[in-house]
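Peer 1: kindly generate the corresponding structure for this input.
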Amino acid sequence: MFTQDEIDYQRIAKAIKFIQCNFKLQPNLDEVAEKVNLSPAHFQRIFTDWAGTSPKKFLQFISLEHAKSLLKEEKATLFDAALETGFSSTSRLHDLFVKIEGMSPAEYKNGGKNLNINYSFSESPFGKIITASTEKGICYMAFEEDKENALRDLIKKFSNASFFEKQDGFQQNALSIFNKDWSKLNMIKLHLKGTDFQLKVWESLLKIPFGKLSTYGSLAHEIGSPKASRAVGTAIGSNPVAFLIPCHRVIQSSGKIGGYMWGSDRKQLIIGWESSKVYSDDSIF
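Peer 2: Sure, this is the predicted structure:
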């Protein structure tokens, strides 16, 4: 049984896909709304509620041109952006509010035999999500529409751990990142299994500001391994925490979206959603 939020997200994703596939024909609002079985007024309303901007404006935020402009900006300012005068706390969301602690070998040995992991299923602006936590923090977060598949993928990560379907404080706090009001957001603690290199890459991802983009090469430079772009890409691809560790903000140097563990279409929607929060009132668009 789908909730209204899930239905709305699926309609928005379908509409964006339709517009992109038919961009040469320039479909109007009536045509797009018809494609998702809604009246034009209703479609405009649910889209604006979700994205914070109009469908037309949103398409600009997921365009190749917009991505390229962000990458040009990134070359000069990305990792110093948090220090710029007037840079909003919203843009530093992950850097300020998400902290990573690596699991010790004793904690994850033997398939996590000594770990007790709570997990729960929730909704997000980008579909259903499973969130899991140890007694120290969030250890896993993934977009997955099917609960059985979601749980199976979690158990693969910690095959011998003890699992309990329960939403604890760590999870509740982490999920609040999807709220529009971040003024009451507490520090989100992540407790992750990974190599020193993986943890270093994941921590560097936290420095990419909300609404901005980077490349594999730039991240390799940032961590002091300029020739390790491929290894950086592999580490990004093994990120166990969707959205909180913003691997969706890393794209190809050409400006193309590239791959994403939870689907390229979803990645594009997240990028557009974040950009709409930052640039909706920006006169350059």
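
Peer 1: after the helix ranked longest in the chain, which helix or strand is next?
Peer 2: In the chain, taking DSSP state H as the definition, the longest helix is helix 4-21. Heading C-terminal from helix 4-21, the first helix or strand you meet, by DSSP states H and E, is helix 29-35.

Peer 1: using CSV, write out the CA atom coordinates for the helix or strand that that next one is followed by.
Peer 2: Per DSSP H and E, the first helix or strand lying C-terminal to helix 29-35 is helix 40-51. Only the C-alpha atoms of helix 40-51 are listed here, as CSV (Å, rounded to 0.1, in the frame of the first residue of the first chain):
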residue,chain,number,x,y,z
PRO,A,40,-2.3,20.8,-14.4
ALA,A,41,-3.1,22.7,-11.2
HIS,A,42,-2.7,19.7,-8.9
PHE,A,43,0.5,18.6,-10.6
GLN,A,44,2.0,22.1,-10.2
ARG,A,45,1.0,22.2,-6.6
ILE,A,46,2.5,18.8,-5.6
PHE,A,47,5.7,19.5,-7.6
THR,A,48,6.2,22.9,-6.0
ASP,A,49,5.5,21.4,-2.5
TRP,A,50,8.2,18.8,-3.1
ALA,A,51,10.9,20.8,-4.9
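
Peer 1: and the longest helix of the chain, what other elements does it pack with?
Peer 2: The contact analysis (3 or more CB pairs under 8 Å, 6 or more residues apart in numbering; DSSP states H and E) places helix 4-21 against helix 29-35, helix 40-51, helix 55-61, strand 127-133, helix 264-279. The way it works is simple: take the backbone N, C-alpha and C, and place the C-beta from them, glycine included.

Peer 1: tell me which of the ones you listed sits most buried.
Peer 2: Comparing the helices and strands packed on helix 4-21 by mean neighbour count (mean count of other CB atoms under 10 Å), strand 127-133 ranks first with a mean of 23.

Peer 1: tell me the angle of that one relative to helix 4-21?
Peer 2: Orientation of strand 127-133 against helix 4-21 (axes from the mean of the first three to the mean of the last three CA atoms, to 10 degrees) gives an angle of 120 degrees.

Peer 1: what does strand 127-133 contact?
Peer 2: Contacts to strand 127-133, defined as CB atoms under 8 Å, 6 or more residues apart in numbering, come from residues 6, 9-10, 117-123, 138-145, 147, 150-151, 153-154, 167-168, 170-171, 174-175, 191, 242, 266.

Peer 1: one more pass at 7 Å, please.
Peer 2: 6, 9, 117-122, 138-145, 150, 154, 168, 170-171, 174-175, 242, 266 (CB atoms under 7 Å, 6 or more residues apart in numbering).

Peer 1: beyond that strand, next helix or strand please.
Peer 2: Once the chain leaves strand 127-133, the next helix or strand it forms, by DSSP H and E, is strand 138-143.

Peer 1: how far does that following strand sit from its chain's centre?
Peer 2: Remark: strand 138-143 is offset 11 Å from the chain centroid, using CA atoms, centre = their mean, to the nearest Å.

Peer 1: tell me the mean pLDDT for the helix or strand just after that strand?
Peer 2: Where DSSP H and E defines the elements, the next helix or strand beyond strand 138-143 is helix 147-157. Helix 147-157 comes out with an average pLDDT of 96.

Peer 1: ok and helix 147-157 relative to strand 127-133, angle-wise?
Peer 2: Taking the same axes, to 10 degrees, helix 147-157 and strand 127-133 form an angle of 30 degrees between their directions.
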